[in-house]
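Visitor: Coordinates for the following, if possible.
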Amino acid sequence: MPSEHSEEDVRTSFKIGSLILATSLFAACSPETASMSAQQPIVQPTPPTYSRVAEQKAGWITEDGGNSQLDFNPQVDILFVTDNSDSMKTAQANLVRNMDKFSDGIVRNKMIDYHIGVVSTWDSSERFITTKKDQYGIGELRFIKDGKNQSFNKRFVTRTEKDLMASTLDIGVAPFAEGGPENEEFFSPLLAALDKSGNGQVNDGFFRPDAQLVVIFLTDADDGSASITPDEVDRRLLDFKGGRKDKYSVYGVLVNAKDSDQYKDYGLRILPKYHSECFDMKKKTPVRITNKSEPGCQTGFGPTRLEQLIASANRSADLTNDDQIKNKYIMSIISRNFGTDLANIGADIKVRTMAKEIFLTRGVPVVENGVIQLRVRYGTPEELAAGKGQIIPQGKGGWLYNPDQNSVRLSGDVNYQYKDGARFAVDLKAAILN
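Guide: Numbering: from 1, shown residues only. Below is the predicted model of the structure:
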């Protein structure tokens, strides 16, 4: 029986079905319609919000209240470490004769609170310890005394005893035959003086935490302290002053290697007993030779260890060359200009003592048109509170700003109009928040 549908009809039906299926698949892969989008909305992220930064403005503020660093009470503790061997008679007399020149700038300055004391050289030999005549132990400050050698129950000079300064520093000499030192030590009595400064000890009250510490060696010899190096002494001084390199300095009134042997202690003279390297010791009578490995045999010997300490102690960012340091901090003990040179040391000590640094705590000063907006005033609390007082100039002989520390450094040679109880106020225009 013939089929109801022809082959042509079957093919036509197949094509129509395929077309419907393709259309359905295309619709399934096409983008969402408007109705579909409305049913599944896309959630947009909410932008973050921040609090508004306050506008910065510059305003003048003053560092002047309740801050002890603005007080001005310059202090200096000056310790002489003096050679009292027999060869020092002339040098000590020179010191006493010129003491007024040394102390003039310090004593006449009403602002400086000074302590001045003296310890003598030491000799660790058994001979010295058992035969020395004086009562003083190593590093002990000598009692102050008057011109008649009358001692008082106090171990250092202050403004109250300024008339006893020269006589106190005139400690006299101790000949070797009478128990005087032979191998002069300076480092050991200096360190002992620091060690004996505690509560109730013999040097109690002399050294003060905030004072400038000045050490002055007076000798025609070199240091003979066993097992103490110059660097060790420098480290001890640094520790003693709380790690503040700017709070201590070391000076020397010394001989020079090139000076004639007649001016030197025996230990620095070219003699077989002290410098056998300069002699042919195989001879019955030692004969001096040219020892090229030891320059001192030709040029003479000097206080090398003391010089090393002075160079190390006074080295700073502004002064790094050892020769320049020694030229500044050492004067000749046989100088024809002894008084003038001693006065220069006194003047330098005054400048170091009067220098001051004030750290700013309330802001960083702004710069306008190339000019730092900062002012330093000096006066009584009443004057400063009223916005008055002596205006300290910026620059040499005044103040400089140190941006690394945010501090004001006052030079030691400011010409202050001294007033009792005066202090500082620092005005600055700083960036502050509303």
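
Visitor: I'd like to know how far L374 sits from K356.
Guide: 15 Å (Cβ to Cβ, to the nearest Å). For glycine as for every other residue, the C-beta is placed from the backbone atoms N, C-alpha and C.

Visitor: Need the residues that contact the helix or strand hosting D104.
Guide: Secondary structure assignment for D104, by DSSP states H and E: helix 99-108. With contact meaning Cβ atoms under 8 Å, 6 or more residues apart in numbering, helix 99-108 is reached by 76, 95, 112, 114, 116, 159, 162, 165-166, 169, 339-340, 342-343, 345-347, 349-350, 353.

Visitor: Report the buried members of those residues.
Guide: Among these, those scoring as buried are 76, 95, 112, 114, 116, 165-166, 169, 339, 342-343, 345-347, 349-350, 353 (criterion: 16 or more other Cβ atoms under 10 Å).

Visitor: ok, residues contacting the longest strand anywhere in the chain?
Guide: For the chain, the strand that runs over the most residues, judged by DSSP state E, is strand 423-433. When contacts are defined by Cβ under 8 Å, 6+ apart, strand 423-433 is touched by residues 54, 56-64, 70-72, 356, 358, 360, 362-366, 368, 373-381, 384, 389, 408, 410.

Visitor: Return the set of buried residues in it.
Guide: Within strand 423-433, judged by 16+ other Cβ under 10 Å, the buried ones are R423, F424, A425, V426, D427, L428, K429, A430.

Visitor: Do me a favour and average the pLDDT over it.
Guide: The pLDDT scores in strand 423-433 average 83.

Visitor: distance between it and the chain's centre?
Guide: Relative to its chain's centre, strand 423-433 lies at 26 Å (Cα atoms, centre = their mean, to the nearest Å).

Visitor: and G147, how far is that from D427?
Guide: Relative to D427, G147 is positioned 51 Å away (Cβ to Cβ).

Visitor: so Y418 makes contact with K110?
Guide: Yes. Counting by Cβ atoms under 8 Å, Y418 does reach K110; the two are 5.4 Å apart.

Visitor: quick one: secondary structure of the residue nearest to N109 when sequence neighbours are not counted?
Guide: Counting by Cβ to Cβ, 6 or more residues apart in numbering, N109 lies nearest to K350, which is 6.4 Å off, once chain neighbours are set aside. With DSSP: H, G, I helix; E, B strand; the rest coil as the basis, K350 sits in helix.

Visitor: How about the contacts made by K350?
Guide: Per Cβ under 8 Å, 6+ apart, neighbours of K350: G105, I106, N109, I112, G412.

Visitor: Tell me which two of the residues you listed sit farthest apart.
Guide: I106 and G412 (11.9 Å; Cβ to Cβ).

Visitor: These two: who's more crowded?
Guide: Using other Cβ atoms under 10 Å, the more surrounded residue of I106 and G412 is I106, with 22 against 18.

Visitor: Measure how buried the residue nearest to I228 when sequence neighbours are not counted is and give me the count.
Guide: Nearest in space to I228, with sequence neighbours left out and distances taken as Cβ to Cβ, 6+ apart, is F187 at 4.5 Å. Number of residues near F187 (other Cβ under 10 Å) recorded here: 24.

Visitor: before we move on, what about N199?
Guide: N199, neighbours per other Cβ under 10 Å, totals 6.

Visitor: Could you give the backbone dihedrals for it?
Guide: Main-chain dihedrals, N199, degrees, to the nearest 10: phi -60, psi 120.

Visitor: distance of it from D170?
Guide: Distance from N199 to D170, by Cβ to Cβ: 30 Å.

Visitor: just R208 next, same as before
Guide: The value you get for R208 to D170, if Cβ to Cβ is used, is 25 Å.

Visitor: circling back: can you redo the buried residues of strand 423-433 as JSON lines, where the extra columns are distance to A193?
Guide: Formatted as JSON lines, the buried residues of strand 423-433 follow (distance: Cβ to Cβ, whole Å):
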{"residue": "R423", "distance to A193": "32"}
{"residue": "F424", "distance to A193": "33"}
{"residue": "A425", "distance to A193": "38"}
{"residue": "V426", "distance to A193": "37"}
{"residue": "D427", "distance to A193": "43"}
{"residue": "L428", "distance to A193": "42"}
{"residue": "K429", "distance to A193": "48"}
{"residue": "A430", "distance to A193": "45"}
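
Visitor: The closest residue to L360 other than its chain neighbours: what's it in contact with?
Guide: Excluding the flanking residues, the one nearest L360 by Cβ to Cβ, 6+ apart is N406, at 5.0 Å. N406 sits next to F359, L360, V364 when contact means Cβ under 8 Å, 6+ apart.

Visitor: now the first one, which residues is it bridged with?
Guide: Judged by DSSP bridges, the bridge partners of F359 are S407.

Visitor: show me where the stretch 151-300 of the chain has helices.
Guide: Assigned by DSSP state H, counting those that start in this stretch, the helices in the stretch 151-300 of the chain fall at 165-169, 187-195, 230-240, 296-299.

Visitor: so which of those helices gets nearest A257?
Guide: helix 296-299 (5.9 Å).

Visitor: what's the spacing between the closest one and its chain's center?
Guide: 36 Å.

Visitor: just the CA coordinates of it, formatted as CSV?
Guide: Below are the C-alpha coordinates for helix 296-299, written out as CSV (Å, rounded to 0.1, in the frame of the first residue of the first chain):
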residue,chain,number,x,y,z
GLY,A,296,112.7,59.9,67.9
CYS,A,297,116.4,59.1,68.0
GLN,A,298,116.9,61.9,65.6
THR,A,299,114.1,64.4,66.2
